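Asks: predicted model, plus sequence, below.
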Amino acid sequence: PGTREQLVAKLEQALKPHRFRHVLRVEQTAIQLATANQVDVEKASIAGLVHDYAKQRPDEDFIAAIQRYHLDPMLLDYGNVIWHGVVGAELIKHELQIFDEDILNAVRHHTTGAVYMSPLEQVIYMADYIEPKRDFPGVDEARKVTAADLAKGVAFQAKQTLQYLVTNCKPVYPKSIDTYNAWISR
Ligand code: DGI
Ligand code: FE
Ligand code: FE
Ligand code: FE
């Protein structure tokens with residue numbers, strides 16, 4: 001994988017400037033959450049940097065990867081919003097040579113969450129949601145809840161996201177519902 005500087009350079013190439021700056025903010029937020037929750041800070045940095053690596057890839061790249069890596073064909077019913085994490089992790093593994101499964105799972109689950117999330121996965125899921133430039137109703141509450149209790153932050157995001165999706169008539173990826181059910185009682 002090389003040094004952080006080499007990784008940052010690859011991300012700057014792969015992403016538009018606004019998305020690249022988001023990624024740097026997620027990295028910093030992830031480092032803070034990792035420090036507060038006894039999570040490996042270097043893994044948090046790498047996962048924060050790469051979590052949206054595939055966000056700006058064309059649909060054809062994801063469709064090809066779903067076939068090449070034998071991922072669930074049900075994924076074809078969704079789009080970039082779901083693919084850039086779940087399928088993006090495979091692109092990261094093969095193109096950036098990052099093989100740490102905890103980091104790859106943090107990427108896979110950063111949009112929808114998952115029933116089981118390691119502390120690193122929770123850190124990335126929350127850092128993406130509350131990085132300093134995020135500005136949506138409830139984000140300050142999300143920051144407070146997450147600072148007090150990381151798992152409660154996960155539950156908060158799962159509930160808010162599901163509510164947002166239903167209110168706006170967006171299709172809900174089954175894993176998003178599983179995440180809600182698994183975390184809401186925490
Ligand atoms: O890539 P980012 O914008 O930084 O953040 P993200 O990957 O967490 O994506 C957030 C968006 O994903 C947000 O607008 C809600 C949407 N989303 C999350 N779960 C689902 C979903 N969209 C659909 N259609 N279905 C889902 O289950
Ligand atoms: Fe994302
Ligand atoms: Fe997110
Ligand atoms: Fe993101």
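Replies: Now that the structure is in, tell me what you want to look at. Ligands and ions are numbered 1, 2, ... in the order given.

Asks: quick one: name the residues of the protein near ligand 1.
Replies: With CB under 6 Å from any ligand atom as the criterion, the chain meets ligand 1 at residues 52, 55, 81, 85, 110-112, 128, 161, 165, 170-173, 176. Heads up, the C-betas are built off the backbone N, CA and C, glycines and all.

Asks: where does the protein dip in pLDDT?
Replies: Scanning the chain for pLDDT under 70 picks out the ranges 1.

Asks: and the next helix or strand past the top helix by length along the chain?
Replies: Once the chain is assigned using DSSP state H, the helix that runs over the most residues is helix 17-36. Once the chain leaves helix 17-36, the next helix or strand it forms, by DSSP states H and E, is helix 41-50.

Asks: distance check, the residue nearest in space to the middle of the chain against residue 53.
Replies: Geometric centre of the chain, nearest residue: residue 110, 2.2 Å, by CA atoms, centre = their mean. Distance of residue 110 to residue 53, computed by CB to CB, to the nearest Å: 11 Å.

Asks: likewise for residue 37?
Replies: 24 Å.

Asks: and these two? Which one has more around it.
Replies: residue 53 (25 against 17; other CB atoms under 10 Å).

Asks: phi, psi for that one please.
Replies: phi -50, psi -40 (degrees, to the nearest 10).

Asks: enumerate the residues of this protein near ligand 4.
Replies: By CB under 5 Å from the ion, the residues of the chain that approach ligand 4 are 52, 128.
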